[in-house]
Each structure stands twice: as C-alpha cells, then as structure tokens.
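Participant: after the sequence you'll find the predicted model.
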Amino acid sequence: MKKLLLSLFVTTLLLSTSCTKKLPTPVEKYGQLKIEGTKIIGENGETVQLAGMSLFWSQWIGKYYNYDCVKWLRDEWKCSVVRAAMGVERDGYMGNPETELKKVTDVIDAAIDLGIYVIVDFHSHMAEKNTEVAKEFFGIISERYGKYPNIIYEIYNEPIRVSWSEILKPYSEEIITVIRKNAPNNIIVCGTPIWSQFVDEAADDPIDADNIAYTLHFYAGTHGEELRQRGDTAISKGLCLFVTEYGTTEANGDGDVYEKETRQWYNWMDKHHISHCNWSVADKNEGSAALIENADSLGGWTEDQIKPSGKFVMAELLKKHNEMHQIEN
C-alpha cells in the first residue's frame, strides 16, 4: 500500500509540474529538421515523428486557412505540423494566384509564430504539366521563408500513372534546384507514382540530394498490407517516407471510419518513425472530413461539431502528445 501511495504521489506531482511548466513548441524543441537514412532527425540528434492535420483543397474550403484555426489545431488537437494543401488547377493557384498564395502564406505565418511545422503542398495530380508554375510558386515561397526551419516543401501531392524515372524524378529535380537557391536545409517531400503509393519505384532510382523524403498516401478502408509492403521495400532501400496525407475512410474520402485498419497503419508508422497528416480539416459532407458542416472557421469546435474521423484522429494526436510528455518527465 505504501508503494502504491508513493507511486500515486509521484504521478500526481509529475502531472502537476507538467501542467504549470511551459513546454517548448515543436520547433523550439526540434529546430531545423534533417534526414539521416530513413528517419527525420532534430537539431539535437533525436528522431522526430511529426503528427498533425492537413487542410482541404485551398480553393474549395479555404476558410480554415487562418491564424486562429492553426492555433486551435496546435493547442487543442496537439498538432506538431499542419499541411496547407494549395490547389493548383481547377480554380486554384493557376487561375487565382494572389488569392491562393495569401491563403498559404497566412498558414505559414501562423505556423512560424506558433512554433509548429508547416507543409507547403503543391496540391495537384498533374504538376509535371505545369512545371514552370511550380517553379514560380516555390521560388516565391522559398525566397520569402527560406530562413525558417518551420517549412517543409511538398512539391507534388499525388501523381497519377506516370513514370518515376522518366517524368517525376526530372520534375522533382527541377523544383528542388529552385528551392535550394533559397532554402538549402529544409526537407523537401517528393510525390511518387500512382497517387503517391508506389514508393518502391522511387527507391529503385532515388534522387541524389540531401534532405529528401518521399510521399506515401493511404486510405485505411482501401489500402492495407500490400501498400505497407511497398513502404517496407522502400525503407529497406534507404528511403525516408512521409505520409503527408492519409484517411481513416475509403479512398474516395467517404464512408465509415476504419478504426482497426487505421490503427494498423498507426502501428506501422510508429515502428518506422514516419510523420503523418490526416485528411482533412474540412466541413464537407464526407466521411474523411473532420468537422460537421458550417463548423466555425476559427476553431473552437465543440465535441458535437467533430465528426467520427476527427474524433478518432484527435484522440491519436493527444495520445502521441501525452506519450511524448511522459517520456520527457
């Protein structure tokens, strides 16, 4: 009984201390990230696994691209990273460059001020057809923000059925060259063939550059062990993977939440220390959207405004935060 009481006292003391102690922000803790082998590493040599949320296509649900929403995701959902998914075609950046650029920079500015990481995503399925547009965009972003450790550049969201070696690798190398003129150290994430799933193809012909990661996307209701095996193959060949987008539902973004299957993916990502962002912070009428329709654009969401997928993912984000906090103490 004495041991039990002592244990409870120590636990209470630690929790009390943790509540009053101001924890460092993710960027204060990890600083400038880099890639060593298959892992993301912080400034002090620790292995880093970021976890957070992706915003929806900027041109269609852009109302969450604001400071208050990013702050709410950091403070209440414990996101260490957010993803700004800037739509390119279909009324996106190509048609409204100033409008879409401002949405992205609003999120970047918020992330910098709040001390979290931000993925700047060229959200396209045909970026290789708009290489000059991508070079222009990433030239602007890297020139403005190249000195900040917060930025992670995702240069192609989801290629469709195109060759890695003949199309995607040359495209990536062109964009990397533009970014590196202004941001020599930041992580750059490259899209991979067939909806960013065939990472094993990229592993057979990797890019010869530092701090390069490769995108792996999954939707737990559709993608399972076969895709994880592709990931295992890529990792075994030395690639660092980054799950910049995943869903708890089927690949069409709708349907039920596949909790068991998503947990299998969480276990796999934890095993390999793979960072990830959930799709998506949106109030769209589909299963993968985290929020009910008309949920406030500034955050402050009550429990009844968060849909099943959002609740499930939020619980995982809080769990990861608490585990990290207990390890620190």
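Facilitator: Thanks, I have it. Numbering: from 1, shown residues only.
Participant: tell me how many other residues crowd the nearest residue to Leu298 once chain neighbours are set aside.
Facilitator: Closest residue to Leu298 apart from its sequence neighbours, by CB to CB, 6 or more residues apart in numbering: Asp68 at 3.9 Å. Where C-beta positions appear, they are placed from N, C-alpha and C, glycine not excepted. Other residues lying near Asp68 total 14 when counted by other CB atoms under 10 Å.
Participant: what's the answer for Asp254, then?
Facilitator: 16.
Participant: check the residue nearest to Leu298 and give its pLDDT.
Facilitator: Note on Asp68: pLDDT of 98.
Participant: and it, what helix or strand is that in?
Facilitator: Per DSSP states H and E, Asp68 falls inside helix 67-75.
Participant: and that helix, what does it pack onto?
Facilitator: strand 81-87, helix 97-114 (3 or more CB pairs under 8 Å, 6 or more residues apart in numbering; DSSP states H and E).
Participant: can you put these in JSON lines and add mean neighbour count, mean pLDDT and distance to His276?
Facilitator: JSON lines is the format used below for these (neighbours: other CB atoms under 10 Å; pLDDT from 0 to 100; distance: least, CB to CB, whole Å):
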{"stretch": "strand 81-87", "mean neighbour count": "27", "mean pLDDT": "98", "distance to His276": "9"}
{"stretch": "helix 97-114", "mean neighbour count": "19", "mean pLDDT": "98", "distance to His276": "17"}
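Participant: for Phe198, which of these is the nearest?
Facilitator: Closest to Phe198 of the helices and strands packed on helix 67-75, according to CB to CB: strand 81-87, at 20.9 Å.
Participant: what are the pairing partners of that closest one, and which direction each?
Facilitator: Using DSSP bridges, the strands paired with strand 81-87 are strand 51-55 (parallel), strand 117-123 (parallel).
Participant: between that strand and helix 97-114, how many degrees?
Facilitator: In terms of direction (axes from the mean of the first three to the mean of the last three CA atoms, to 10 degrees), strand 81-87 departs from helix 97-114 by 180 degrees.
Participant: check the offset of strand 81-87 from the chain's centre.
Facilitator: Centre-to-centre, strand 81-87 and its host chain are 8 Å apart (CA atoms, centre = their mean, to the nearest Å).
Participant: could you measure from Ile160 over to Asp200?
Facilitator: Using CB to CB, to the nearest Å, one obtains 17 Å as the distance from Ile160 to Asp200.
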